[in-house]
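# Here's my sequence, what's the structure:
(one chain, ligands or ions: 2)
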Amino acid sequence: MHIEVVANIGEARSDDFLHKTVIVVDVLRATSTIITALINGCKGIIPVETVLKAKEQYQEGDLLGGERFCKKIPGFDLGNSPAEYTWESVHGKRIILTTTNGTRGIQKAMKADHILAGALLNSRACAQAAVDLKRDTVILCAGTQDVFSLEDGLCAGLILEELANELGERNILTNDFGLAMRGCYLQTKDTLYEAILASANGKKMSKSGFHDDLIQCSRPNVANRVPILERDQLVLLPQSLTRSAF
Ligand SMILES: O=C(O)[C@H](CS(=O)(=O)O)OP(=O)(O)O
Ligand SMILES: [Mg+2]
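Ligands and ions are numbered 1, 2, ... in the order given. Predicted coordinates for the structure are as follows:
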């Protein structure tokens, strides 16, 4: 299996996604939020690029979620903190979500055969799903405003590590950036939270009052489910029979 790791949305060329599986990674915080919301029973998540498009898509009974500059968008029901997306607040609801980077990354990947939402939370499940989908795979690090973000790279490294465990070292091929991210992950795997806390986004999140989100989003493989885009909605990929629950 060939896996290309792309450093940020600005470097992504959507034609490169044809016939592939794209795992969109935005650890802080969009894909961590998406995973949390779906596991907590939300019906589906429509990722959109702008606030205007979110309001256009909105139907009675939906929840509007998302942020600009890390903060909840005025008039929206939810921000972009995974902790807001509890069973009580989201189960049975459809969510229209717009964030600065993650939802833009999903839109950018539209030419792919399959689009998955990945984060540290579900890295092993993402690797297993990518193997089951039998496509060459792109791990698209969302980054922040078209600049690489360490937390996304570390997650890409963990997914590569999980793919090597699944397929065997000799059966995975990646690009130089992927090799570098896998090395970074292996170097920091026992202090992931501290590494993310020290990153640009980690410092920004802490300063903005979202320190708890760093703790939540830095937990590897605590979720065994994978969001997949079906038509225009993110839903949970059915648990493949070959995979254990945990
Ligand atoms: O809400 C977030 O965590 C970030 C905000 S920013 O881009 O880092 O300012 O957005 P996301 O789309 O989740 O990366
Ligand atoms: Mg981010």
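# longest single helix anywhere in this structure?
helix 150-167 (DSSP state H).
# who does whichever helix or strand comes after it pair up with?
Counting by DSSP states H and E, the element after helix 150-167 in chain order, helix or strand, is strand 173-174. Strands adjacent to strand 173-174 in the sheet, as given by DSSP bridges, are strand 2-6 (parallel).
# Quick one: name whatever helix or strand follows the partner strand.
Per DSSP H and E, the first helix or strand lying C-terminal to strand 2-6 is strand 21-25.
# Quick one: work out the angle between that next one and helix 150-167.
Put simply, strand 21-25 runs at 140 degrees to helix 150-167, going by axes from the mean of the first three to the mean of the last three Cα atoms, to 10 degrees.
# what's in contact with strand 21-25?
31, 102, 105-106, 109, 112-119, 126, 129-130, 133, 135-142, 152, 155-156, 159 (Cβ atoms under 8 Å, 6 or more residues apart in numbering). Backbone N, C-alpha and C define where each C-beta goes, glycine included.
# Tell me how many other residues crowd residue 92.
By other Cβ atoms under 10 Å, 9 other residues sit near residue 92.
# quick one: pLDDT of it?
Looking at residue 92, its pLDDT reads 98.
# Thought residue 40 was touching it, still the case?
No - using Cβ atoms under 8 Å, residue 92 is not in contact with residue 40; the gap is 10.5 Å.
# shared neighbours of these two, anything?
Jointly contacting residue 92 and residue 40 under the rule Cβ under 8 Å, 6+ apart is no residue at all.
# do you know how far residue 31 is from residue 217?
Per Cβ to Cβ, to the nearest Å, residue 31 is found 9 Å from residue 217.
# and for those two, which residues touch both?
Taking Cβ under 8 Å, 6+ apart as the criterion, residue 31 and residue 217 both touch residue 119.
# quick one: which of the two has more around it?
residue 31 (35 against 30).
# any idea which element that one lies in?
Residue 31 is part of helix 30-39 when elements are defined by DSSP H and E.
# same for the helix or strand just after that helix, what does it pack against?
Per DSSP H and E, the first helix or strand lying C-terminal to helix 30-39 is strand 44-47. Identification of packing neighbours for strand 44-47 by 3 or more Cβ pairs under 8 Å, 6 or more residues apart in numbering; DSSP states H and E yields helix 30-39, strand 94-98, helix 102-108, strand 233-236.
# Residue 85: which of those is closest?
When the helices and strands packed on strand 44-47 are compared by Cβ to Cβ, helix 30-39 sits nearest residue 85, at 3.9 Å.
# angle of the closest one against helix 150-167?
60 degrees.
# What's the ChimeraX line that selects buried ones from the contacts of strand 21-25?
To isolate the buried ones among the contacts of strand 21-25 in ChimeraX, judged by 16 or more other Cβ atoms under 10 Å, type:
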select :31,102,105,106,109,112,114,115,116,117,118,119,126,129,130,133,135,137,138,139,140,141,142,152,155,156,159
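# Now do the contacts for the residue nearest to residue 85 when sequence neighbours are not counted.
Nearest residue to residue 85, sequence neighbours excluded (Cβ to Cβ, 6 or more residues apart in numbering): residue 37, at 3.9 Å. Applying Cβ under 8 Å, 6+ apart, we find residue 37 in contact with 45, 65, 82, 85, 90, 95.
# Same list (those) but as JSON lines, adding distance to residue 164 and neighbour count.
Putting the contacts of residue 37 into JSON lines (distance: Cβ to Cβ, whole Å; neighbours: other Cβ atoms under 10 Å) gives the following:
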{"residue": "45", "distance to residue 164": "30", "neighbour count": "28"}
{"residue": "65", "distance to residue 164": "35", "neighbour count": "31"}
{"residue": "82", "distance to residue 164": "28", "neighbour count": "23"}
{"residue": "85", "distance to residue 164": "31", "neighbour count": "30"}
{"residue": "90", "distance to residue 164": "34", "neighbour count": "24"}
{"residue": "95", "distance to residue 164": "34", "neighbour count": "27"}
